[in-house]
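Q: pasting a predicted model and its sequence here:
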Amino acid sequence: MAILLNVPSIVCSGCGDTITKAIKTVDSGATVNVDVAAKTVTVEAQASEESITQAVVATGHTVQD
């Protein structure tokens, strides 16, 4: 299932690494693509969108609808 999250708090590739690690703790097989310029995170995962969003928020980032 493809999930697209708008994460306006992404400012660098380090943010992307942190978010990627957090998502992989929820779904180790997830494919994560962070676009720093667009401030988006695209995730292919078996986990629910809610659990993916919660993992991103737990890193201190904000997710917008």
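A: Now that the structure is in, tell me what you want to look at.

Q: tell me, how many residues neighbour residue 21?
A: Residue 21 has 12 neighbouring residues, counting by other C-beta atoms under 10 Å. C-betas here are computed from N, CA, C, even on glycine.

Q: for the chain, identify the residue most remote from the centre.
A: Most distant residue from the mean C-alpha position of the chain: residue 37, 14.4 Å away (C-alpha atoms, centre = their mean).

Q: contacting residues around the strand or helix carrying residue 19?
A: Using DSSP states H and E, residue 19 sits within helix 13-26. Helix 13-26 is contacted from outside by 7, 9-10, 30, 32, 34, 36, 41, 43, 45, 47, 51-52, 54-56, 58-59, 61, using C-beta atoms under 8 Å, 6 or more residues apart in numbering.

Q: now do 6 Å
A: Applying C-beta atoms under 6 Å, 6 or more residues apart in numbering, the contact partners of helix 13-26 are 30, 32, 34, 41, 43, 47, 51, 52, 55, 56, 59.
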